[in-house]
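Below is the sequence, then the predicted model.
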Amino acid sequence: MKATHWILALCLLALCGSPVMAERPNVLFIAIDDLNDWVGCFGGNPQVKTPNFDRFHAEGGMVMFNAHAPSTVCCPSRSALLTGVHCHKTGVYGNSNNLRNAPKARDLVTLPQYFSAHGYHSLSTGKIFHKHAMPGDKGNKKGDEGQWAFDEWHPAKGGVGPISKKRPVNNLPAEPGDKSYHAKAFDWGPTIGNDETKMRDYITAEWAAKQLNTRQFDKPFFMAIGISKPHLTWYVPQKYFDMYPLDQIELPEVRLDDLDDIVLANGRPIHKPHDTWRRVEKHGRHKEAVQAYLATITFVDDCIGTLLDGLAESPYADNTIVVIWGDHGWHLGEKLKYGKTQLWQESCRVPLMVKVPGVTPKNKRCDGVVNLIDLYPTLIDLCELPANPKNDGRSFAPLLHDPDMESNHPTLTTYGRGNHRIYDGPTSYLHLSRRRGALRPPG
Ligand SMILES: [Ca+2]
Ligand SMILES: [Ca+2]
């Protein structure tokens with residue numbers, strides 16, 4: 001090839017290649033731990049105060065109203081989302097299953113790695129992957145937090161504890177012999193200093209805002225930010241508790257006979273009231289538990305506000321896709337239960353919001369049924385990266401362009417091996433339980 005041809009070829013590359021990369025949108029991927037639909041624009045609790053989520057909705061953050069989790073605890077839900085493959089195919093069913101040790105998961109290219117392999121710079125802080133004990137990993141000798149999946153990873157730092165050293169702070173004693181996680185963790189109370197800026201999640205949000213406002217990225221970025229509350233414990237500044245006066249708290253509707261209609265063939269009940277629910281019921285503390293969850297959500301909302309303000313003030317405001325997702329739901333008394341797990345609607349359904357600049361309209365809700373496992377193919381579709389044939393989910397990008405289009409693809413949630421839930425709309429879903437040898441309606 002002659003020199004002039006080389007120059008022509010280079011000019012064409014410069015004209016055609018670089019601008020395409022420069023136009024690729026950035027992605028701000030925000031995970032929230034254990035947040036259910038108690039978010040203003042999701043309508044799960046009329047008392048909750050979430051002005052920043054609601055503002056995001058008003059500014060084009062689409063509410064995916066029928067979004068569901070691949071599983072109802074942290075690790076399998078997050079592992080399925082991040083690998084793009086369902087639990088029953090990877091074997092990652094529980095919080096103790098590190099996907100890096102799972103033969104059918106460890107070679108899958110996770111979502112941040114996929115972006116990184118296709119011209120993006122990935123960076124992260126806070127809880128994105130579930131944390132596992134694995135000494136010796138890069139950047140963090142205390143455990144595996146998925147730091148290996150990012151080009152740049154920073155451990156979440158800082159934070160303050162509750163005002164009292166005594167446990168439980170809430171004076172709600174566990175039942176004798178209760179060795180469950182909730183025996184210690186089901187606790188709440190105000191933090192030292194009554195100052196949200198000293199809280200770890202707030203520091204995480206500020207870190208993200210600072211990156212957006214001080215750095216010039218030479219590639220599009222995939223920034224994953226993990227907010228660790230409203231996961232237990234519910235220790236937050238007193239000001240958030242004060243926003244929800246106890247005498248005004250309205251409890252979720254709970255039927256004391258709700259589990260009575262779910263029985264084995266011999267008539268014996270399959271479920272019993274959850275230990276934590278019985279503890280709260282015995283001591284008459286339901287309103288305080290609900291108040292503490294609400295207070296913690298409003299603290300999280302402040303963190304979201306800080307993060308989104310950081311984006312709005314940055315040069316990346318108009319070219320960044322924002323996704324906010326909760327990893328599974330939470331019960332606050334429904335089905336006589338506090339917590340997650342199992343396959344009830346309260347655990348399976350998640351808050352999911354997506355803003356695509358110039359695409360998603362303001363104040364719009366989409367009722368199409370989607371699953372967090374759809375996020376992987378959706379994001380690579382929106383960013384025009386090649387599809388990953390290993391993905392189990394389907395892109396819901398068409399719904400973001402046309403939220404009123406008909407869409408009722410059934411979606412799958414799994415809790416433990418052999419227990420599945422198929423959902424294709426608010427009035428139609430089934431539980432399939434291998435363990436119980438039964439196919440039954442939700443009860
Ligand atoms: Ca979680
Ligand atoms: Ca029932």
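Yep, it's here. Numbers count the residues shown, from 1 in each chain. Ligands and ions are numbered 1, 2, ... in the order given.

State the pLDDT value of the closest residue to Val85 other than its chain neighbours.
Once flanking residues are discounted, Val85 sits nearest to Asp392: 5.3 Å by Cβ to Cβ, 6 or more residues apart in numbering. Just so you know, the C-beta spots here come from the backbone N, C-alpha and C atoms, and that holds for glycine as well. We have a pLDDT of 98 for Asp392.

ok, now which ones touch Asp392?
Contacts for Asp392 (Cβ atoms under 8 Å, 6 or more residues apart in numbering) come out as Ala80, Gly84, Val85, His86, Lys89, Ile373.

Tell me who's in contact with Ala224.
Phe29, Ile30, Ala31, Pro112, Ser122, Leu123, Ser124, Ile128, Phe150.

Check the residues you listed one by one and keep those near ligand 1.
With Cβ under 5 Å from the ion as the criterion, the contacts of Ala224 include none near ligand 1.

which residues of the stretch 151-300 of the chain fall in helices?
181-185, 200-214, 238-242, 275-283, 286-312 (DSSP state H, counting those that start in this stretch).

Quick check: buried residues in the longest one?
Under the neighbour-count criterion of 16 or more other Cβ atoms under 10 Å, helix 286-312 has 286-311 buried.

between the contacts of Asp392, which has the most around it?
Ala80 (30 neighbours; other Cβ atoms under 10 Å).

How about it: what's its closest non-neighbour residue?
Nearest non-adjacent residue to Ala80 (Cβ to Cβ, 6+ apart): Pro70, at 3.6 Å.

so that neighbour touches Arg421, yeah?
No: if you go by Cβ atoms under 8 Å, Pro70 and Arg421 don't touch, sitting 10.6 Å apart.

tell me, what's touching these two both at once?
By Cβ under 8 Å, 6+ apart, the residues touching both Pro70 and Arg421 are Leu412, Thr413, Thr414.

Now the phi/psi pair for Glu334, please.
phi -60, psi 140 (degrees, to the nearest 10).

hang on, isn't it packed against Leu251?
No: judged on Cβ under 8 Å, Glu334 makes no contact with Leu251 at a distance of 10.0 Å.

out of these two, which sits in the more crowded spot?
Glu334 (20 against 11).

did I read that right, Ser124 in a strand?
Yes: membership of Ser124 in a strand is supported by DSSP: H, G, I helix; E, B strand; the rest coil.

interface residues of the stretch 201-350 of the chain facing ligand 1?
Checking the stretch 201-350 of the chain against ligand 1 by Cβ under 5 Å from the ion, the hits are Asp327.

Swap in 8 Å and give it another go.
His231, Gly326, Asp327, His328, Lys340 (Cβ under 8 Å from the ion).

which phi and psi does the last one have?
Spelled out, it's Lys340. Dihedral angles for Lys340 - degrees, to the nearest 10 - are phi -110, psi -150.

For it, give me its contacts.
Lys340 neighbours (Cβ under 8 Å, 6+ apart): Asp34, Thr72, Val73, His328, Gly329, Trp330, His331, Ser347.

what about the fifth one, which helix or strand?
Here Gly329 sits in a region with no helix or strand, counting by DSSP states H and E.

Can you tell me how far it is from Leu264?
In this view, Gly329 and Leu264 are 26 Å apart by Cβ to Cβ, to the nearest Å.

more neighbours, those two?
Legend: neighbour count by other Cβ under 10 Å for Gly329 and Leu264, higher for Gly329 (24 against 11).

In three-state terms, label the residue nearest to the more buried one when sequence neighbours are not counted for me.
Among residues not flanking Gly329 along the chain, Asn36 sits closest, at 4.1 Å (Cβ to Cβ, 6+ apart). Using three-state DSSP, the structure places Asn36 in coil.

residue in the stretch 101-250 of the chain nearest to ligand 2?
Evaluated by Cβ to the ion, the stretch 101-250 of the chain has Glu250 as its residue closest to ligand 2, separated by 21.4 Å.

Noted, bye for now.
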